[in-house]
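>>> Take this sequence and fold it.
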Amino acid sequence: MDVGRILCIVFIVLLFYVSALMFAGIKQINAHNLIAGWFSGVWALLQLSVGVWRQSTVARFDIAARAHAFDLDDNHDENPEEAVMELQGASRGLMWTAFPVGIVLTKLTEQINSPPVFIFGNNIGVTIDTPPWHRRLRWSVGMLRLCAVFYTVWRANQLIVLVSFGLTALGVALSIILPNDYHKKRWQATHPEKEIEMQGISSIVNRGSTP
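Next up, the predicted model:
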């Protein structure tokens, strides 16, 4: 084996190692995290890449803490935990772009977590408000659209192009038609006093804006 090939292999191995350190949720660089922590981080990253969410995966990527910081919506229309899980799938999947055909894995990781469907365990550390049927329907349409896009790139089939556009339109329609106030209803049920306070503030604002 020539020196050039050996250097290429060493470079790819180092690239994967460093990329995993950056994307696998490793918070501190120390002797433990450089070895054992790296392997556990890669395992969590691989689970996220195929859309598998467990309590350990949620803890590894700080979903609860990130969702708390991300929850800036006073109307509580969106579940911040579900939104952060989708965002983590999109951002962590960028790791694969550094490798051959990695863009396919990146897009697959993004779509397979949008929305999160493969949730294992009764208590994973976050609350998922959206019912399973709702998430599975959106997920199925999104995965079909992604498959159509990949097939179009591969074969440049005009019919599949139309199908992918149709699936995109269907996904947009579902996001509009399907109910999306599950998180808001749970928040209102668990915070009745704050809901009354918000209604009072809204009525004062409305009266103030009335000429």
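>>> Residues contacting the strand or helix carrying Arg138, please?
Using DSSP states H and E, Arg138 maps to helix 132-155. The contact list for helix 132-155, computed with CB atoms under 8 Å, 6 or more residues apart in numbering, reads 104, 107-108, 111-112, 114-117, 157, 160-161, 163-164, 167-168, 170-171, 174-175, 178-179, 182. (C-beta placed from N, C-alpha, C; glycine too.)
>>> which stretches of this structure aren't confidently modelled?
Applying pLDDT under 70 to the chain flags residues 1, 71-77, 179-211.
>>> Please determine how far the residue nearest the centre of it is located from Arg136.
Among the residues of the chain, Glu86 comes closest to the average C-alpha position under CA atoms, centre = their mean, at 1.6 Å. Relative to Arg136, Glu86 is positioned 15 Å away (CB to CB, to the nearest Å).
>>> picking up where we left off before, would you mind checking the contacts of helix 132-155 for buried ones?
The neighbour-count test (16 or more other CB atoms under 10 Å) marks 107-108, 111-112, 114-117, 160, 163-164, 167, 171, 182 as buried among the contacts of helix 132-155.
>>> got the residue ranges for the helices in this structure?
3-23, 31-49, 55-60, 63-70, 80-92, 102-112, 132-155, 158-177, 182-190, 192-209 (DSSP state H).
>>> which of the ones you listed sits most buried?
With neighbours defined as mean count of other CB atoms under 10 Å, these peak in mean count at helix 80-92, which reaches a mean of 20.
>>> Okay, angle between that helix and helix 102-112 too, please.
170 degrees (axes from the mean of the first three to the mean of the last three CA atoms, to 10 degrees).
>>> Let's see helix 80-92 as CSV, backbone CA atoms only.
Provided in CSV are the C-alpha atoms of helix 80-92 (Å, rounded to 0.1, in the frame of the first residue of the first chain):
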residue,chain,number,x,y,z
PRO,A,80,-40.7,23.3,22.1
GLU,A,81,-39.4,19.8,22.9
GLU,A,82,-40.7,18.4,19.6
ALA,A,83,-39.3,21.4,17.8
VAL,A,84,-35.9,21.0,19.3
MET,A,85,-35.8,17.3,18.5
GLU,A,86,-36.5,18.1,14.9
LEU,A,87,-33.8,20.8,14.9
GLN,A,88,-31.3,18.5,16.5
GLY,A,89,-31.9,15.9,13.7
ALA,A,90,-31.3,18.6,11.1
SER,A,91,-28.2,20.1,12.7
ARG,A,92,-26.5,16.9,13.9
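>>> for that helix, packing partners?
helix 31-49, helix 63-70, helix 102-112 (3 or more CB pairs under 8 Å, 6 or more residues apart in numbering; DSSP states H and E).
>>> can you list contacts of that helix?
23-24, 45, 48-49, 51, 53, 58, 61, 63-64, 66-68, 70-71, 73, 109-110, 112-116, 126-130, 183.
>>> residues contacting the nearest residue to Gly25 once chain neighbours are set aside?
Closest residue in space to Gly25, ignoring its immediate chain neighbours: Arg60 at 4.5 Å, by CB to CB, 6 or more residues apart in numbering. For Arg60, the contact set (CB under 8 Å, 6+ apart) comprises 24-25, 40-41, 44.
>>> In CSV: those residues, plus distance to Pro80.
Converted to CSV, the contacts of Arg60 look like this (distance: CB to CB, whole Å):
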residue, distance to Pro80
Ala24, 23
Gly25, 18
Ser40, 26
Gly41, 24
Ala44, 21
